[in-house]
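Trainee: take a look and give me a structure for this.
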Amino acid sequence: MSSEAMQHPSQSLSRRGLRLTGIVIAVVLVAVVVIGLITRATQASNLKTWTAEQAVPTVSIVTPEASPNGPVLDLPGRLEAYIRAPIYAQVSGYLKDWKTDIGAPVKSGQLLGEIDTPELDQQLLQARADLASAKANSELAGITAKRWQAMLGSDSVAQQDVDQRTGDYAAKVALMNAAQANVDRLMAAKAFARIVAPFDGVVTARDTDVGALINAGGGTTGPELFVVSDIRKLRVYVQVPQSFGPSIRVGSSAALIVPEYPGKEFHAQVIATSNAVNATSGTTLVQLLVDNTDSTLMPGSFAHVHFSLPVNTQALRVPASALIFDNAGLRVATVGEGDKVAFKKVSILSDYGKTVEIGSGLTHGDRVIDSPPDGIKDGDAVKVATNDATATHHEKA
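Mentor: Below is the predicted model:
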């Protein structure tokens, strides 16, 4: 066999191998292209799915809870004596002396001071002299009237004359009675020269001294000489905001704190309310009573009054971060049917800082969104975070 014949089969085999190699390479290239296209399509689909999922915000929800305790109302108050009597002079004169000073305990009727009344004394002397004169004239007129009555029986005098003498006697008796009344009036006024305590208490003020000119009367006509106060019990006056007025009733208790005794509380009880709202301040006046038998508290001082109000069974608490305040007013976002956002208007009863007490607009079963995302709208779809996801989110935060 010639050499040309031997080379021909080799060339055929070489061409066939090259063709097979080309086919394999083409198949590989096509497979690579197909896999690339499938991968890109899958990635695009996954990206689209991820983007769609990210477009739906994930929110954490809280459930409104009933308030475990009622709100605590802390208000300023002022203490006043249970009974306070400013004592004025009933007669004019000069203060002769005073018997008790400020802080002294006194009994009812105890002498506080005396007023020297020279002018009143002279008026009393004159009144007694007028009374003596009226008595003498009355006695003489009575004797005269009796004599003329006796002479009338003998027809020696006229009836007209007897009537005149009888009438003169009656007039003289009336003048005597008037003089007696004047003496009694001046004696009653003289008794007021002794200034006495009207009840058991403590002298809380003395605004006069020996030799001071005293003018009768009170207010602008005369000075306030003494003040006697009963401080065994004290009245506490508090201005309560209108919204809390109905919650504070007669018999309610309160804790009293004064600056001079830090950390110490005094028990007070509501004894009266004004049942009216002050149009200027929007508050109602509440009066409490606190025991002060040991004289620890002082009338006229300032105090903090703590009211523990009853629990409102209709009120629900939510985090303050759940509130939304915008042009539509005060609202909260809730998750409704189909995990869609539903806004609800609410009203706040009490603000406790981190939480607020909602008076209306929510129910126990509402799912309230805590810290709602910006731009969220009514009807938007949301995803509710699980407890694990919420915990992980808080840990990262």
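
Trainee: pLDDT weak spots in the stretch 101-250 of the chain?
Mentor: For the stretch 101-250 of the chain, the stretches flagged by pLDDT under 70 are 155-156, 218-221.

Trainee: again, only this time at 80
Mentor: Applying pLDDT under 80 to the stretch 101-250 of the chain flags the ranges 148-150, 152-158, 160-162, 217-223.

Trainee: what about the strands in it?
Mentor: 105-106, 111-116, 194-196, 201-206, 213-214, 224-241 (DSSP state E, counting those that start in this stretch).

Trainee: partners of the third one in the sheet?
Mentor: Sheet partners assigned to strand 194-196 using DSSP bridges are listed as strand 111-116 (antiparallel).

Trainee: what's the partner strand in contact with?
Mentor: 87, 89, 91, 93-100, 106, 192-197, 203, 208, 214, 225-226, 228 (C-beta atoms under 8 Å, 6 or more residues apart in numbering). Placement of C-beta: from N, CA and C, glycine included.

Trainee: which of those are buried? Put it as a PyMOL command.
Mentor: A single PyMOL command is used to select the members of the contacts of strand 111-116 judged buried by 16 or more other C-beta atoms under 10 Å:
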select buried, resi 87+89+91+93+95+98+100+106+192+193+195+196+197+203+208+214+225+226+228
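
Trainee: for stretch 74-89, list the C-alpha coordinates in PDB.
Mentor: What follows is stretch 74-89 as a C-alpha-only set of coordinates in PDB (Å, rounded to 0.1, in the frame of the first residue of the first chain):
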ATOM      1  CA  ASP A  74     -50.700  66.000  92.100                       C
ATOM      2  CA  LEU A  75     -52.000  69.500  92.800                       C
ATOM      3  CA  PRO A  76     -50.900  72.500  94.900                       C
ATOM      4  CA  GLY A  77     -53.000  73.300  97.900                       C
ATOM      5  CA  ARG A  78     -53.000  75.800 100.900                       C
ATOM      6  CA  LEU A  79     -53.700  75.100 104.500                       C
ATOM      7  CA  GLU A  80     -56.100  77.200 106.600                       C
ATOM      8  CA  ALA A  81     -57.200  77.000 110.200                       C
ATOM      9  CA  TYR A  82     -60.400  75.100 110.800                       C
ATOM     10  CA  ILE A  83     -61.800  78.200 112.500                       C
ATOM     11  CA  ARG A  84     -60.100  81.600 112.200                       C
ATOM     12  CA  ALA A  85     -61.500  84.600 114.100                       C
ATOM     13  CA  PRO A  86     -60.000  88.100 113.600                       C
ATOM     14  CA  ILE A  87     -60.900  90.100 116.700                       C
ATOM     15  CA  TYR A  88     -61.700  93.800 116.400                       C
ATOM     16  CA  ALA A  89     -62.600  96.400 119.100                       C
END
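
Trainee: can you count the residues close to Q149?
Mentor: A count of nearby residues for Q149, using other C-beta atoms under 10 Å, gives 13.

Trainee: residue contacts, the residue nearest to it when sequence neighbours are not counted?
Mentor: In space, and not counting its chain neighbours, Q149 is closest to V162: 6.0 Å by C-beta to C-beta, 6 or more residues apart in numbering. Shown in contact with V162 (C-beta under 8 Å, 6+ apart): A145, W148, Q149, M151, L152.

Trainee: surely the first one meets D163?
Mentor: What it means is A145. No. With contact defined as C-beta atoms under 8 Å, A145 does not reach D163; the gap is 9.7 Å.

Trainee: between those two, who's got more neighbours?
Mentor: A145 (19 against 13).

Trainee: from Q159, how far off is that one?
Mentor: Counting by C-beta to C-beta, to the nearest Å, the gap from A145 to Q159 is 13 Å.

Trainee: go on, F325?
Mentor: 104 Å.

Trainee: A89 now?
Mentor: Counting by C-beta to C-beta - A89 and Q159 are separated by 56 Å.

Trainee: again, but for T363
Mentor: For T363 relative to Q159 (C-beta to C-beta), the value is 104 Å.

Trainee: what of S347?
Mentor: For S347 relative to Q159 (C-beta to C-beta), the value is 96 Å.
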